[in-house]
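> output the structure for:
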Amino acid sequence: MDRPDTNIYEYKCPNCGGAVEFDSTIQKLKCPYCDTEFDIETLRNHDAQLANELPDQMSWIGSRDNEWREGEVEGMRVYICNSCAGEIIGDANTGASSCPYCGNHAIMMTNFTGALRPDYVIPFKLDKNAAKANLLKFYKGKTLLPKIFKDANHIDEIKGIYVPFWLFNADVYADIKYKGTKTRSWYSGGEDWTSTEYFSLDRTGTVSYDCVPVDGSKKMADDLMESLEPYDFNEAVDFNTAYLSGFFADKYDVTADESIDRANERIKKSTEDAFKTTTGDYGGVVVESSHVQFENGTYHYALYPVWLLNTNYNGKRYTFAMNGQTGKFVGDDLPVDRGKYLAYLFGLAMAWGVGIFAVLSLLVKFVL
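Numbering: from 1, shown residues only. The predicted model follows:
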């Protein structure tokens, strides 16, 4: 296990000393205590000046053996909150979190240095209220939904998280052969006739791709993250830890090399689909053979904004996510509360005058 790390940076309000947060609405840092707003560069220069001040020297030596035993904390990392000295415990992939004791937001700088430092970040544009509103909209009309899903305290647990992505760029030369058909039908001599002709369709050309994203976190399902696309990379900025204030973040635990196969698959499939649109009025078009060649292939590491809420119900986890830039919302199929459903069936049966034995039969069948 790594030793406790005190290299945590928190952006403090020069006016009141509170921990400031990045406000996605105004695209500035804002103090939640005195409402003062700051440009990121201004506050960073201010903090740089403060960094030249000599720190206090108040060291303590423990009187007992505090060493972790082998295997006891495998996979854990411990961080020290500079505000209250509380320990923040997480795995090695946690990039930004909040202190469970005082609630101040903390950034684990060591996870964003060297090769692990992202190149770009797309800042949150939509705040927590927008995420909660979209979640309630998703729940709307679902009267049989279990209470836990609509519980106000639970909905308030929705969290903003920066998800790591590898972004792939390439110029692609493609030589693709498709099989297509043309079918015509007619009536003659008292019978229906159908004629089908088969064609080989050759397509060659080039297409360029910029910022094809591949999810770099094992914690996030790839299909969930891809369903939140597209993101507008034109709004990406050079990475700065200030954008993480007030949010959670992960660093990648899927390397760029491990992401290449998925990037190749996405780019090749997109190229085949793009060229397929040029096959005109041919029907039943399928790929017969495909060859692509990449040039100028490069990749970058970036953080993309996602609002996320997980709900555990009857041993199953239901995940709901919203693109923190565009507001696109996705979620798992929702469950039905058994008690509400049984009450609904009983009420329906009474309204329709169905015999009580028929109602009980339905109830027993549902429960079993």
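> quick one: the strands in the stretch 151-300 of the chain, in order.
Here the stretch 151-300 of the chain has its strands, by DSSP state E, counting those that start in this stretch, at 159-188, 191-215, 237-238, 248-250, 283-313.
> can you tell me which of those is most buried?
strand 248-250 (a mean of 22; mean count of other CB atoms under 10 Å). Every C-beta, even on glycine, is put in place using the N, C-alpha and C of the backbone.
> now for that strand, which elements pack on it?
Here strand 248-250 touches strand 94-98, strand 159-188, going by 3 or more CB pairs under 8 Å, 6 or more residues apart in numbering; DSSP states H and E.
> for Thr25, find the nearest of these.
Relative to Thr25, the nearest member of the helices and strands packed on strand 248-250 by CB to CB is strand 159-188, separated by 12.8 Å.
> just to check, Asp332 is in contact with Ala321?
No - if you go by CB atoms under 8 Å, Asp332 and Ala321 don't touch, sitting 9.8 Å apart.
> please identify which of the two sits among more neighbours.
Ala321 (26 against 14; other CB atoms under 10 Å).
> quick one, what contacts the more buried one?
224-225, 228, 306-309, 329-331 (CB atoms under 8 Å, 6 or more residues apart in numbering).
> please apply the same query to Leu136.
Counting by CB under 8 Å, 6+ apart, Leu136 has contacts 150, 155.
> just to be sure, it is in a helix?
Yes - under DSSP: H, G, I helix; E, B strand; the rest coil, Leu136 sits within a helix.
> for it, give its distance to His154.
Note on Leu136: its distance to His154, by CB to CB, to the nearest Å, is 12 Å.
> if we can go back for a sec, which one of the contacts of Ala321 is nearest Ala256?
Met225 (16.2 Å).
> what sits closest to the closest one if chain neighbours are left out?
Nearest non-adjacent residue to Met225, counting by CB to CB, 6 or more residues apart in numbering: Asp215, 4.2 Å away.
> what's the average pLDDT for stretch 204-219?
On average, the pLDDT along stretch 204-219 is 90.
> show me the protein divided up by domain.
1-53+69-112, 161-331, 338-367 (automatic domain parsing).
> of these, which shows the lowest average pLDDT?
Per-stretch mean pLDDT for these is lowest at domain 338-367 (a mean of 55).
> and what about the residue nearest to Gly18 when sequence neighbours are not counted, helix, strand or coil?
In space, Gly18 comes closest to Tyr33 once its chain neighbours are excluded; the distance is 3.9 Å by CB to CB, 6+ apart. State at Tyr33, reduced to three classes by three-state DSSP: coil.
> how far away is Tyr33 from Val163?
29 Å.
> with Asn153 instead?
Asn153 is 25 Å from Val163, where distance means CB to CB.
> what do you get for Phe22?
Distance of Phe22 to Val163, given as CB to CB: 16 Å.
> ditto for Asp23
When distance is defined by CB to CB, Asp23 is 20 Å away from Val163.
> cool, and Arg117?
Arg117 sits 16 Å away from Val163, going by CB to CB.
> any idea what Phe199 is bridged to?
Gly180 (DSSP bridges).
> need the contact list for it.
Going by CB under 8 Å, 6+ apart, Phe199 touches 179-182, 282.
> redo the residues you listed as TSV? Include distance to Gln293.
TSV is the format used below for the contacts of Phe199 (distance: CB to CB, whole Å):
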residue	distance to Gln293
Lys179	22
Gly180	24
Thr181	29
Lys182	31
Tyr282	25
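> could you identify the most distant pair in these?
For those, the farthest-apart pair by CB to CB is Lys179 and Lys182; their separation is 11.8 Å.
> the helix or strand encompassing Leu29 - contacts with which helices or strands?
Using DSSP states H and E, Leu29 sits in strand 28-30. In terms of contacts (3+ CB pairs under 8 Å, 6+ apart), strand 28-30 is packed against strand 21-23, strand 37-38, helix 40-51.
> just checking: what are the partner strands of that strand?
Each strand paired with strand 28-30, and its direction, by DSSP bridges: strand 21-23 (antiparallel), strand 37-38 (antiparallel).
> so for Ile122, which of those sits nearest?
Nearest to Ile122, of all these, is strand 21-23, at 12.4 Å by CB to CB.
> so what touches that closest one?
With CB under 8 Å, 6+ apart, strand 21-23 has contacts from 28-32, 37, 105, 123-124, 127, 242-247.
> list only buried entries from those residues.
Among the contacts of strand 21-23, those classed as buried by 16 or more other CB atoms under 10 Å are 28-31, 105, 123-124, 242-247.
> now do the SS call for Lys132.
helix.
> residues contacting it?
By CB under 8 Å, 6+ apart, the contact list for Lys132 reads 155-156, 158.
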